[in-house]
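A.B. asks: fold the following for me, if possible:
(one chain, ligands or ions: 1)
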Amino acid sequence: MSSHTGRHFLQIPGPTNVPDRVLRAMSLPTIDHRGPEFGALGQSVLAGIKRIFKTTKPVLIFSGSGTGASEAALVNTLSPGDRVLMFETGHFANLWAELAKRLGLDVEMIPGDWRGGVDANQLESILAQDQGQQIKAVAVVHNETSTGVTSNIQAARTAMDQTGHPALFLVDTISSLGSIKYCHEEWQVDVTVGGSQKGLMLPPGLGFNAISEKALAASDTATLPRSYWDWKAMLAPNQDGFFPYTPATNLLYGLREAIEMLEEEGLDQVFARHDRLAEATRRTVRAWGLEIQCRHENEQSSSLTAIRMPDGTGANALRKIISEQYDMSLGTGLAKLADQVFRIGHLGHFNELMLTGTLCGVEMGLTLAQTPFKPGGIVAALDYLSETATATRT
Ligand code: PLP
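C.D. replies: Sure, this is the predicted structure:
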């Protein structure tokens, strides 16, 4: 292992860089999780996280990874054999589908080529044809982290409304929450799944379910077995800021701080910052003469960019060179995209110089790896960032 100086560049699309403020907040002494001080912490984060999901209805916070929260969304709302409609946007859509199948759900997966998002027209026609209303839930990934594709959730909701179909709407926002605009309540999503380790700038370890009244009502009749993930067991003690089991106290300290940071910046500014840094990234990728995995410009993700290797291979060798020489981690190609793409995470606690450092590292790595590309593409990002800078000369 070569030794490195300075900070490691963690530019995978999550877990993301944890701000020093959040690290310091998490270093507070762990307190009695049944005592009054904890109740105040619990109430503060349970109220704050609603503002991040943009909802006035309950948000449940589980100790667990995002996958746990994805399971919680299903087991609280559905019964064995229920049909669930899903869209194959990439690896994470597939993982959710596999999880659903293992729970005994009847998954109808609409195939996709991993280069685009959910097709709202297709969703509308499938629901319109489901005369017997066999489909009990539509489950989609907002931001597909394996491909860098963001699906239009509002368009999907509108498609569902056009048909008047009563299916529940479940959305995974694990790599979009706190990075890309998302409105749980206004977009009438029934369960939104989130995780702590991406836009929320925390270490891994918390999973979220934002729920609607319709989802809560569904949980009264849903019969899939559930215990740890049971919403009802959680909602009662949550009223006073407490949890039915030992919560991840120090992650909650971090969450309180992260929510404060996001609100100090303002969520709209947070989203605009991500949009701008993503656009700068794409300009450089295009100037390098490389191809972005997401085909449609209006679906290109603001939290990460997946880049195709020009010869269709060599992404792992490139990532290895960049890691060894420049101490930067880039996202690997997942499942069928292994070695074909590498992913740049540009989300969370991130700014212009972190981005330009990242892009310089990639450009230098492409040269070292002898990848066929046009050097100098970094200038496209620099130009765009200067053109769109807000500081003015006084
Ligand atoms: N869904 C999406 C979109 C993800 O990006 C991830 C993880 O990266 C997951 C689900 C799984 O979350 P976790 O690894 O926290 O269980």
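A.B. asks: nearest spatial neighbour of the residue of the chain found nearest the ligand, skipping sequence neighbours?
C.D. replies: Closest approach between the chain and the ligand, counting by CB to the nearest ligand atom: G66, at 2.8 Å. (Glycine included, C-beta is placed from N, CA and C.) Computed as CB to CB, 6 or more residues apart in numbering, the closest residue to G66 that is not its neighbour in sequence is G195, at 3.3 Å.
A.B. asks: just list whatever residues bridge to that neighbour.
C.D. replies: G207 (DSSP bridges).
A.B. asks: tell me which parts of this structure are close to the ligand?
C.D. replies: Proximity of the chain to the ligand, by CB under 6 Å from any ligand atom, involves residues 14, 65-67, 92, 141, 145, 172, 174-175, 195, 204.
A.B. asks: can you give me the buried ones in the biggest helix by length in the chain?
C.D. replies: In the chain, with assignment by DSSP state H, the single longest helix is helix 267-287. Across helix 267-287, burial judged by 16 or more other CB atoms under 10 Å covers 270-271, 273-274, 276-285, 287.
A.B. asks: list the contacts of it.
C.D. replies: In this structure, residues lying in contact with helix 267-287 by CB atoms under 8 Å, 6 or more residues apart in numbering are 51-52, 178-181, 199, 262, 265, 291-292, 300-303, 305, 307, 344, 346-347, 350-352, 355, 359, 363, 374, 376-381, 383-385, 388.
A.B. asks: now list the buried members of the residues you listed.
C.D. replies: The neighbour-count criterion (16+ other CB under 10 Å) marks 52, 178-181, 199, 262, 291-292, 300-303, 305, 307, 344, 346-347, 350, 352, 355, 359, 363, 377-378, 380-381, 384-385 among the contacts of helix 267-287 as buried.
A.B. asks: what packs against the helix or strand hosting F169?
C.D. replies: Taking DSSP states H and E as the criterion, F169 maps to strand 168-172. Judged by 3 or more CB pairs under 8 Å, 6 or more residues apart in numbering; DSSP states H and E, strand 168-172 is in contact with helix 66-75, strand 135-141, helix 153-163, strand 191-195, helix 213-221.
A.B. asks: redo the ones you listed as JSON lines? Include mean pLDDT.
C.D. replies: Output for those, formatted as JSON lines (pLDDT from 0 to 100):
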{"stretch": "helix 66-75", "mean pLDDT": "98"}
{"stretch": "strand 135-141", "mean pLDDT": "98"}
{"stretch": "helix 153-163", "mean pLDDT": "98"}
{"stretch": "strand 191-195", "mean pLDDT": "99"}
{"stretch": "helix 213-221", "mean pLDDT": "98"}
